[in-house]
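A.B. asks: Structure, please.
(2 chains)
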Amino acid sequence: MSREPGAASTPIVLRPRPAWWERVDRSAPVWVLAAAALVLLILLPLAWLVYMSVQSERGGFTLAQYARVFADPRLQKALWNTVVLAFWSGIVAVAIGAPMAWLTARTDLPWSRAIRSLVLASFVTPPFLGAFAWVMLAGPNAGYLNKLYRGLTGAEEPLLNIFTMTGLIFVVAIYTFPYVYIMIANTLGLIASDLEEAAAILGAHRLQVALTVTLPMVLPAILSGFILAVLQALALFGSPAILALPAGFHTITTQVWALFQYPPKVEMAAACSVPLLLSTALLLLAQKKLLGRRGYASVGGKGAQRRVIPLGAWRYPALAGCLAVLACAVFLPYGILARAAFSRAWAEPLTWDNFTLANWSFTFLHSATQSAIVNTLELGVLTACVGAGLAALLAYVTTRKLVVGHQVLAFLTLAPVVIPGIVLAVALFIAYTRPPFLLYGTLWILFIAYLTKEMPVGYSQSDATFRGIHPELEEAGRILGAGRLRVLGEITAPLARSGIIATWCFIFIGVIRELSASIILFTPNTKVMSVVIFDLKEEGQFGAIAVLGLFMLLMTFVVVALMQSLLGRDVMGARSSSAAG
Amino acid sequence: MTRRRVVVALVLLLAGLVANRLALAQDARVDAAKKEGKVVWYTSLALTSAEKVAKLFEAAYPGIKVEVHRTGSQRILQRVMQELQANIKNVDVIHTSDAGHYVLLKDKKLLMKYTPAGVERFPASFKDKDGYHYGLRATVNVIAYNTKSVPPGEAPKTWKDLLDPRWKGKLVTAHPGYSGVISTHVLALVHLYGWDYFKQLAQNRPMLVQSAVDPSSVVASGERAVAANGGDYTFYQVKKKGNPVEIIFPKEGVPLVVSPTAIAAFAPHPNAAKLFTDFIFSRPVQQALADSEGLYTGHPDVTYPADQPKLSELKLLQVDAEELEKRSEEIKTRFVEFFGA
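C.D. replies: Numbers count the residues shown, from 1 in each chain, chains lettered A, B, ... in the order given. Take a look at the predicted model:
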């Protein structure tokens, strides 16, 4: 399929194709590539996972592992804790995200752009860092906020105890509400105000309009935002490991991880993973149904007028509410991390005696940290390049309907969204610690995990990009006689460039913060930053964690800034519903 | 601070001198080790201490790097076995605080027979009779408390005192599923009081942390008032840093944890591993472990800080390595059963 020599310099002329060219099915290579990737990335690992979960010690078929998972009271409790955590995190995320989305999208709330950016900051904050920061903020005795509260009121009891289910739900919710926010803000941005105005003219009160007209229109978005938040909460490993384990309870993800301790019970881990996988698949199916039923003609029109709703006396209280949420998600955690990074003892007052740079030198001189930073960057760049390239190719092929069965291809690319990181990791571990593919111990197994995990995000981002480029531009090129590749190179690619770079950035950010798959798949030579942070956490090295955490945030924000400037707009707008992962 | 720097500098100098002499005598071996370029050390020694030992070695033998991989004893065993299953040969020197591991590893023929120079004079409890592993350092499990949260007169004196309901919500314990110091501790106390002790301790809802190093930071920060266990050297270190922490050596006795080290049979850098093993058993390093880290060692010539009790003055509770290995699953499972995670 290479371009003929000199084709670029000669004027475009219509040229008949050789006969063999017409006979070759050009979709074949795409399909071979896609099938190979699919087998390697998803089917083989998942097949191993299921196989392992039903294999008895003597090699026969058994359901004993499942029986044990559902009969063991400890595992039952872990399952139940996960359900409680996921459900309530979803509810709280909606309770925070929905009003904030409405306020910033439709009302005259002051500083709404800044608030949007801060929601983005909370969106890209690694949840395990947030959880770690909240240990320092709301540990029942040494927590900064509790000390402040005791100092002010003279009370004995703590105001907050983060090492509880409630604390865990709170911390998970403040980092998952952006998923709800994005869904709803984007939907509100598409709904015209006509209906709301009609209701207002007919005498409805503002609140009445909001509840009876606006709410029903965004209800699907709210529900699907809720499901996304629930999916996030189900799959999280870091936050429960940091907050639930010290309190003496497990969730299913920490339980799966604990089953890897020596002597490893990989079959049990597999048997725990399968129900988790099924529940995420069901939830996503439900979300698809909800979104697919989007029968509201008023959503999705071009040129619709949207009027700003005046909040009146509620402007400042509403602003205060938004800022309070953002304080919990961004200001306070970042502040306490910065403080710990420069303190000898994080719980002591910030005096000159307590000030130190030793955390920084210690962290960066530690040999495991150095190699982890290198590994993380390598994996980030590699996954982002391959992922963005693959996503662009697939999105191009599917949006332009270039091959037979492009819908299937799109579906398969989005499918990994149902696989929680830890389940993927268990599956990859089983599949790639044995011949024919011995990848455990190399960066490649992490690469595969990250690529699989990030494909849905990358694909939906690229899909949006290519949908935004009208095919008529390409058709014009084709009519003038340019081949598909030349059109791709000279028309489509330049138009899609910023979108593809944004995809690259999304994947990169996703990779550098990944913990739940890495924690199962790393070996000492392939440690990544998130794993080093987790290791340091187990030893209670607060200063070093704060340093690495801030470094990770810095990397993230540099990439976000790059992305914003390339896209020339808010990055959250383009993120579609398949953002779980 | 300056005093410690002087000590470190002296140790470096001494180590350098010793290393020089060794290097002259055993040029060939050092050359072989240099060709290998590095030694990979899976260690359960607290990260800061492990990094210090690594830096000492790198200063004594320029050109040979020490790759420190620090995690809990149980995680090290998990890692070694997991890598072996996948046919990965990465580790050279294995150092954990769970003596039971060495029973298992020796049994599976995963250790190299190697006797480091100068260990003949170590006490018997630091030596494997078959010559596969030797105790690099020792620590004892203690109780510690934050002096700002607990007035000295009211601090618990014995392991049994921790069962008093007045400590409800005020304790922290590390985890035998992570730490070898703690699995040893749990078995020693099970011998003393039976599993009932931990069942009752769990009623006081202690905060669960993983590493035996972590209770010291939890108590230092004041997040919990009293540590129900943890290596005494970790408390000694935070106390030296000026944190309001006091150590109690309970009168029923303190569980002694001798942490062995051994070279893997399949070590990819065997010469560097031997050199490193000799080095860490040399007097200067053993002395450094005692001076700046607050650890006990088996080296008969090592002197200890005046503000620390001698091992011989303490009533030690010892557990048998074979039993620790046999009951390791029971220890972890029952602990999780009582404490929830």
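
A.B. asks: residue boundaries of the strands in the stretch 101-250 of chain B?
C.D. replies: Counting by DSSP state E, counting those that start in this stretch, the stretch 101-250 of chain B has strands at residues B:111-112, B:134-140, B:143-146, B:171-173, B:207-208, B:226-227, B:245-248.

A.B. asks: Ranking the ones you listed by mean neighbour count, which comes first?
C.D. replies: Stretch with highest mean neighbour count among those: strand B:226-227 (a mean of 29; mean count of other CB atoms under 10 Å in any protein chain shown). The way it works is simple: take the backbone N, C-alpha and C, and place the C-beta from them, glycine included.

A.B. asks: before we move on, back to that, got a markdown table for the strands of the stretch 101-250 of chain B, with distance to chain A and mean pLDDT too?
C.D. replies: Converted to a markdown table, these look like this (distance: least, CB to the nearest CB, whole Å; pLDDT from 0 to 100):
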| stretch | distance to chain A | mean pLDDT |
| --- | --- | --- |
| strand B:111-112 | 16 | 98 |
| strand B:134-140 | 15 | 97 |
| strand B:143-146 | 9 | 98 |
| strand B:171-173 | 8 | 98 |
| strand B:207-208 | 5 | 97 |
| strand B:226-227 | 11 | 98 |
| strand B:245-248 | 11 | 97 |
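
A.B. asks: closest one to residue B:159 among those strands?
C.D. replies: Checking the strands of the stretch 101-250 of chain B against residue B:159 by CB to CB gives strand B:143-146 as the closest, at 7.4 Å.

A.B. asks: which residue sits closest to the closest residue to chain A within chain B in space, ignoring its chain neighbours?
C.D. replies: Nearest residue of chain B to chain A, counting by CB to the nearest CB: residue B:340, 3.1 Å away. Nearest non-adjacent residue to residue B:340, counting by CB to CB, 6 or more residues apart in numbering or on different chains: residue A:248, 3.1 Å away.

A.B. asks: how does the chain divide into domains?
C.D. replies: With no chain named, the answer covers chain A. Domains of chain A are assigned by automatic domain parsing as A:73-250+A:312-348, A:360-570.

A.B. asks: my bad, the chain I had in mind was chain B
C.D. replies: Using automatic domain parsing, the domain parsing of chain B gives B:2-137+B:259-309, B:140-255+B:313-339.

A.B. asks: from the chain's centre, how far out does the shortest one sit?
C.D. replies: Counting by CA atoms, centre = their mean, to the nearest Å, domain B:140-255+B:313-339 is centred 15 Å from the centre of its parent chain.

A.B. asks: how long is that domain from one end to the other?
C.D. replies: This stretch, domain B:140-255+B:313-339, spans 23 Å end to end (CA to CA, to the nearest Å).

A.B. asks: could the domains of chain B go into CSV alongside distance to residue A:550?
C.D. replies: As requested, these are exported to CSV (distance: least, CB to CB, whole Å):
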stretch, distance to residue A:550
domain B:2-137+B:259-309, 19
domain B:140-255+B:313-339, 19
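
A.B. asks: Lowest average pLDDT across the ones you listed?
C.D. replies: Here the domains of chain B differ in mean pLDDT, and the lowest is domain B:2-137+B:259-309 at a mean of 91.

A.B. asks: The residue in the stretch 151-300 of chain A that chain B sits nearest to: what's it in contact with?
C.D. replies: Closest approach between the stretch 151-300 of chain A and chain B, counting by CB to the nearest CB: residue A:248, at 3.1 Å. By CB atoms under 8 Å, 6 or more residues apart in numbering or on different chains, the contact set of residue A:248 is B:205, B:208, B:339, B:340, B:341.

A.B. asks: so the last one sits right up against residue A:244, yeah?
C.D. replies: Yes. With the criterion set as CB atoms under 8 Å, residue B:341 and residue A:244 qualify as a contacting pair; they are 7.1 Å apart.

A.B. asks: Neighbour count: those two, which is higher?
C.D. replies: Using other CB atoms under 10 Å in any protein chain shown, the more surrounded residue of residue B:341 and residue A:244 is residue A:244, with 26 against 23.

A.B. asks: Spit out the contact partners of the more buried one.
C.D. replies: For residue A:244, the contacting residues are A:81, A:163, A:165, A:168, A:250, A:251, A:254, B:341, by CB under 8 Å, 6+ apart.

A.B. asks: what would those residues look like in CSV with secondary structure, distance to residue A:386 and pLDDT?
C.D. replies: Output for these, formatted as CSV (DSSP: H, G, I helix; E, B strand; the rest coil; distance: CB to CB, whole Å; pLDDT from 0 to 100):
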residue, secondary structure, distance to residue A:386, pLDDT
A:81, helix, 37, 97
A:163, coil, 40, 97
A:165, helix, 40, 97
A:168, helix, 35, 98
A:250, coil, 35, 96
A:251, coil, 32, 96
A:254, helix, 31, 96
B:341, coil, 38, 91
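
A.B. asks: Can you lay out the residues you listed as a markdown table showing distance to residue A:59?
C.D. replies: Below are the contacts of residue A:244 laid out as a markdown table (distance: CB to CB, whole Å):
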| residue | distance to residue A:59 |
| --- | --- |
| A:81 | 34 |
| A:163 | 43 |
| A:165 | 41 |
| A:168 | 40 |
| A:250 | 30 |
| A:251 | 32 |
| A:254 | 30 |
| B:341 | 33 |
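
A.B. asks: between these, which has the most around it?
C.D. replies: Neighbour counts for the contacts of residue A:244 peak at residue A:251, which has 31 neighbours (criterion: other CB under 10 Å).

A.B. asks: Got the phi and psi for that residue?
C.D. replies: phi -110, psi 180 (degrees, to the nearest 10).

A.B. asks: Surely it and residue A:80 touch.
C.D. replies: No. Residue A:251 is beyond contact range of residue A:80, at 9.5 Å (criterion: CB under 8 Å).

A.B. asks: Could you report the neighbour count for residue B:312?
C.D. replies: Residue B:312: 6 neighbours (other CB under 10 Å).

A.B. asks: Over to residue B:337?
C.D. replies: Residue B:337 has 14 nearby residues by other CB under 10 Å.

A.B. asks: Quick check: which element contains it?
C.D. replies: Using DSSP states H and E, residue B:337 sits within helix B:328-339.

A.B. asks: Now that helix: buried residues?
C.D. replies: B:328, B:331, B:332, B:334, B:335, B:336, B:338, B:339 (16 or more other CB atoms under 10 Å in any protein chain shown).
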